[in-house]
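K.L.:
Take this sequence and fold it.
(one chain, ligands or ions: 1)
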Amino acid sequence: MWMSAWRASAVFAPQPPCLPTRSPALRGTAPEPEPRRLRQRRARTSLRAARASRGDYDAVVVGSGIGGLCAAATLARYGKKVLCVEAHDTAGGAAHGFKRRVPKLGTFRFDTGPSFFSGLSAPETARINPLKAVLDLLETEVLCHRYESFGLCLPEGHFTHTRGFGKEVLAEVSGEAAVKEWEALLQAMKPLAALVEALPVPALRLDPSVLLTAGPFLPKFLAAANPLEALQLKDPFAKTLSRAGLKDPFARRWLDLLCFCLSGLPADGTVTAEMAMMFGEFYKPGATMDYPVGGVQSLVRVLTEALAKYQGELRLRAEVEEILVERNKACGIRLKSGEELRCSTVICNTSCWDLMKLLPPDSLPDAWRRERESTPACRSFMHLHLGFDMKGLDALQEHYICLEDWGRGVDAEENALLISIPSVEDGRDLFGVLKFERF
Ligand SMILES: Cc1cc2nc3c(=O)[nH]c(=O)nc-3n(C[C@H](O)[C@H](O)[C@H](O)COP(=O)(O)OP(=O)(O)OC[C@H]3O[C@@H](n4cnc5c(N)ncnc54)[C@H](O)[C@@H]3O)c2cc1C
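P.N.:
Okay, here's the model as predicted:
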């Protein structure tokens, strides 16, 4: 614990302002014209130095999960003086991992949070993944293994899922009529995927400045499909499936399960926009999935490094007790230690229930607060992490999606299971690691 806190303060301590000085030898001579970027950086650095001496921040971000780190590093990238505060002794939030040393066998490294990724290694022209767009903006990247298939263990049998799911799996289980329905669905999803791709998520915001950020993308968005089609993006995915004429029970069940694995809810609770994006990622020609080399911690590492590169700060073991509000505006935070930090913007990237606890009781309209507090929580799931000997096993897939009984519904207790075996691609030796995620 101490090591992580020490490392973090060493890596993320604010850098001293480094202003170029003029050498006495140059006195009297005309200075070389300074490149614009250097001038801008110098101006930003002096502004930060001036603010640092007053001890305040442009923005404090609460929580160093992937979302908080993206927000903090992006603001730092745009020259804001940013502090990201994290209650835990390690960054990453849901996305982290741990190691276990086993005598004579070595060290096993496990991921705990997200394991399904796509679009992280897409070329810059295809940055449909908002996280990839942020990484590009931060001029960094995470190296990924790319893979094309995963395993399905379903009541109908064991299959390998590829982008040819229709002709390979559906044809075997349900026959040719179902394949035709599937192909019609793929056609129906194309303009929706094009719409999602035309308007990058980072361009969307909820204030009038959306005209500036999203405006440049509107012509491409409007050309991608007719505006009425765009309205479908907010519909439940089940409605989109019915509209496309997909009736085959096995295909509907598979998509229910896929929705549940991606969003935590079956197709009638999953928004079409999310599935439009994922359909492109799963079924377009050349579709691949990604797994960060070194696990999800590599993703957290590149984000924390980017934050440091742009002189943002990260403080671990700094639990926020209250968000300070004055004249109806958040103006700082108070840590559990009692320390108060002032800033002009607070971004709170905790859960919505935690956010409500951090705000003074009278700072929000009651109705708004009640609505947020009544957000239903995702049901719990169990994780089992195993290290195992891979010698002599048949070729394994990196992921398996398993379901025991369709009749009980994909979201029934102890019915669905995800198995992730990143060491299939990232193995350093003959031992594998496995995360077994039972819903
Ligand atoms: C088991 C699991 C599997 C998942 N699988 C996938 C997947 O395969 N693919 C995918 O894309 N997504 C997946 N997700 C979702 C993805 O991991 C999350 O959406 C993402 O990591 C959430 O990031 P976040 O920054 O929004 O929040 P979080 O990661 O929840 O971060 C919030 C942070 O705020 C901190 N915090 C809370 N209160 C305070 C306070 N008072 N003061 C200071 N800090 C505070 C917390 O300690 C935490 O670090 C999965 C999630 C889980 C849990």
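
K.L.:
and the residue lying closest to Leu186 once chain neighbours are set aside, what does it touch?
P.N.:
Leaving aside its chain neighbours, Leu186 sits nearest to Tyr283 (5.9 Å; criterion: CB to CB, 6 or more residues apart in numbering). Placement of C-beta: from N, CA and C, glycine included. By CB atoms under 8 Å, 6 or more residues apart in numbering, the contact set of Tyr283 is 163, 165, 186, 189.

K.L.:
secondary structure element for the spatially closest residue to Asp268 that is not a sequence neighbour?
P.N.:
Counting by CB to CB, 6+ apart, Asp268 lies nearest to Ala238, which is 4.0 Å off, once chain neighbours are set aside. Using DSSP states H and E, Ala238 falls within helix 237-243.

K.L.:
Could you report the neighbour count for the residue nearest to Asp268?
P.N.:
19 (other CB atoms under 10 Å).

K.L.:
now Ala72
P.N.:
Per other CB under 10 Å, the neighbour tally for Ala72 reads 31.

K.L.:
Was I right to think it contacts Ala308?
P.N.:
No - at 10.5 Å, Ala72 and Ala308 do not qualify as touching, with contact defined as CB atoms under 8 Å.

K.L.:
how about the strands of the stretch 101-250 of the chain, start to end?
P.N.:
With DSSP state E, counting those that start in this stretch as the criterion, the stretch 101-250 of the chain has strands at 106-111, 144-147, 150-154, 157-161.

K.L.:
Touching the next helix or strand after the last one from outside, list them.
P.N.:
Sequence-wise, the next helix or strand downstream of strand 157-161 (DSSP H and E) is helix 165. Residues outside helix 165 that contact it (CB under 8 Å, 6+ apart): 182, 254, 283.

K.L.:
right, is the helix or strand harbouring Phe282 up against the ligand?
P.N.:
Element membership of Phe282, judged by DSSP H and E, is helix 272-283. No - Helix 272-283 does not reach the ligand (CB under 6 Å from any ligand atom); its nearest approach is 10.0 Å.

K.L.:
what about Thr270, how many neighbours?
P.N.:
That count, for Thr270 with other CB under 10 Å as the rule, works out to 23.

K.L.:
Sorry, slip of the keys, the one I care about is Val196.
P.N.:
The burial count for Val196: 24, using other CB under 10 Å.

K.L.:
Check it and give its pLDDT.
P.N.:
If you check Val196, the pLDDT there is 83.

K.L.:
And for the one 5 residues further on?
P.N.:
Model confidence at Val201, expressed as pLDDT, equals 73.

K.L.:
isn't the residue nearest to Asp268 right up against Ala267?
P.N.:
Yes - counting by CB under 8 Å, Ala238 does reach Ala267; the two are 4.1 Å apart.

K.L.:
For the protein, which residues are neighbours of the ligand?
P.N.:
So the chain meets the ligand at 62-68, 85-88, 93-95, 113-116, 319-320, 349-350, 354, 358 (CB under 6 Å from any ligand atom).

K.L.:
gap between the spatially closest residue to Leu135 that is not a sequence neighbour and Gly67?
P.N.:
Residue nearest to Leu135 in three dimensions, not counting chain neighbours: Glu141, with 5.6 Å by CB to CB, 6+ apart. Computed with CB to CB, to the nearest Å, the distance linking Glu141 and Gly67 is 19 Å.

K.L.:
between the two, who's got more neighbours?
P.N.:
More crowded of Glu141 and Gly67, by other CB under 10 Å: Gly67, with 18 against 12.

K.L.:
need the contact list for the more buried one.
P.N.:
So Gly67 contacts 93, 349 (CB under 8 Å, 6+ apart).

K.L.:
Looks to me like it is in a helix.
P.N.:
Yes - when DSSP: H, G, I helix; E, B strand; the rest coil is applied, Gly67 is found to be in a helix.

K.L.:
I'd like to know how far it sits from Ala198.
P.N.:
Distance from Gly67 to Ala198, by CB to CB: 24 Å.
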